[in-house]
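Student: sequence first, then the predicted structure, then my questions.
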Amino acid sequence: MTRTLPRPSAPQAAALPAGGLRATARITARADARGVSRLPVLDGGGPFALRRVQSHADQARVCLIGAMSAPLGGDRLRIEATAEAGASLRITAAAATVALPGRTGDLATYDVRLTVGDGALLEWLPEPLISAEGSDLRMTTTIELAPTARLVFREEQVLGRTGEHTGALRSRLTLRQGGRTLLDQETAYGPGAPGWDTTAVLGGHRAVGQLLLAGPEFDNEPAEVRLLGGTAGDGTGQGVLAPLAGPAALATAVAPDGLSLRRLLDAAAAG
């Protein structure tokens, strides 16, 4: 895919002096008087092409389509998605995101900020992020939940394309509900991250992911600890589902490839 710089007149996609680009996509779902979720804000830019998907029941659905190769070294990318009180929003992606090296060797950043209002549901279900050899990416995801909000959040990372080493990948995930922090974790893989490929961390696996579930139902019935996958060394990967200190549960899994990882996370979602 040919990479073209965004028009200078678009404030959400202004070029960086170092040769990268800055782009922000904004999505807002709002429930109307009949309880049907609408999309008053659907604003893409740079590599972000946002497409409405046929709604299901009262839920608004959006598919993220990559309009160019990104993130490259030096890029500053951001997605802001909000499900306002009573709304239901599902966000998916058409393909995997591939982090690639840039011409300058600078790191790239990819920030996601999700906000879910009272009585609202947000499902964040993109395709995997692939860390290509030579890339250097910093990801941050910040999720703000209202007290009665519900969340389904999936994150999958594949370390290197077929037959290549991984790039450098640093990722931080923060979940807060009503100002209270339920989860704040940071991971690092690839060059510059000591011990990431040892048996204490990935043990040779090349796909890692998590599924984060939150909602009032966990107040009354907290998730039980459950192991996912087969035994170590059987090639299927392993994971664990565990409750958080609040109305939420987190499944974390490692696997030899993206397909095996998805199966583990799907098993966690199925209960």
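Tutor: Sure, I can see it. Numbering: from 1, shown residues only.
Student: and Leu151, how far is that from Ala245?
Tutor: In this view, Leu151 and Ala245 are 16 Å apart by CB to CB, to the nearest Å. Every residue, glycine included, has its C-beta placed from N, CA and C.
Student: look at those two and report which has more neighbours.
Tutor: Applying other CB atoms under 10 Å to Leu151 and Ala245 shows that Leu151 carries more neighbours, namely 22 against 10.
Student: the closest residue to the more buried one other than its chain neighbours - how many residues pack around it?
Tutor: Counting by CB to CB, 6 or more residues apart in numbering, the nearest residue to Leu151 once its immediate chain neighbours are dropped is Ala214, at 4.2 Å. Applying other CB under 10 Å, we find 25 residues neighbouring Ala214.
Student: quickly list what Ala214 is bridged to.
Tutor: Ala214 forms beta bridges with Leu151, Ala248, as assigned by DSSP bridges.
Student: how about it, what does it touch?
Tutor: For Ala214, the contacting residues are Leu145, Ala149, Arg150, Leu151, Phe153, Leu175, Gln177, Leu182, Gly246, Pro247, Ala248, Ala249, by CB atoms under 8 Å, 6 or more residues apart in numbering.
Student: cool, and Arg150?
Tutor: Shown here is Arg150, whose contacts under the criterion CB under 8 Å, 6+ apart are Val116, Ala120, Leu121, Leu122, Ala214, Gly215, Pro216.
Student: mind redoing it with 7 Å?
Tutor: With CB atoms under 7 Å, 6 or more residues apart in numbering as the criterion, the residues that contact Arg150 are Leu121, Ala214, Gly215.
Student: skipping adjacent residues, who's closest to the last one in space?
Tutor: Right, Gly215. Once its chain neighbours are removed from consideration, Gly215 has its nearest residue in Arg150; the separation is 3.7 Å (CB to CB, 6+ apart).
Student: that older thread, just the contacts of Arg150 now: which is nearest Glu133?
Tutor: Distance ranking of the contacts of Arg150 against Glu133, using CB to CB, places Ala214 first at 34.9 Å.
Student: how close does that closest one sit to His56?
Tutor: Plainly put, Ala214 is 21 Å away from His56 if you go by CB to CB.
Student: cool, Arg30 as well?
Tutor: Counting by CB to CB - Arg30 and His56 are separated by 17 Å.
Student: contacts for the helix or strand containing Thr142, please.
Tutor: When elements are defined using DSSP states H and E, Thr142 is found to belong to strand 136-145. The set of residues that contact strand 136-145 without belonging to it, under CB under 7 Å, 6+ apart, is 71, 73, 99, 107-116, 131, 151, 153, 167-177, 214.
Student: more neighbours: Arg30 and His56, which one.
Tutor: Neighbour tally, Arg30 and His56, criterion other CB under 10 Å: the higher count belongs to Arg30, 20 against 10.
Student: give me the pLDDT for the most centrally placed residue in the chain.
Tutor: When the chain is reduced to its mean C-alpha position, the closest residue under CA atoms, centre = their mean turns out to be Glu155, at 4.4 Å. pLDDT, the model's per-residue confidence, is 98 for Glu155.
Student: ends of stretch 48-63, how far apart?
Tutor: For stretch 48-63, the first-to-last residue distance is 10 Å (CA to CA, to the nearest Å).
Student: got it, and stretch 83-92?
Tutor: Taking CA to CA as the criterion, the two ends of stretch 83-92 lie 15 Å apart.
Student: what residues are bridge-paired with Pro243?
Tutor: Here Pro243 sits in beta bridges with Ala249, going by DSSP bridges.
Student: neighbours of it, just the number please.
Tutor: If you count neighbours by other CB under 10 Å, Pro243 ends up with 16.
Student: I'd assumed Ala249 was in contact with it.
Tutor: Yes - Pro243 is within contact range of Ala249, at 5.2 Å (criterion: CB atoms under 7 Å).
Student: list residues touching both of the two?
Tutor: Counting by CB under 7 Å, 6+ apart, the residues touching both Pro243 and Ala249 are Ala223.
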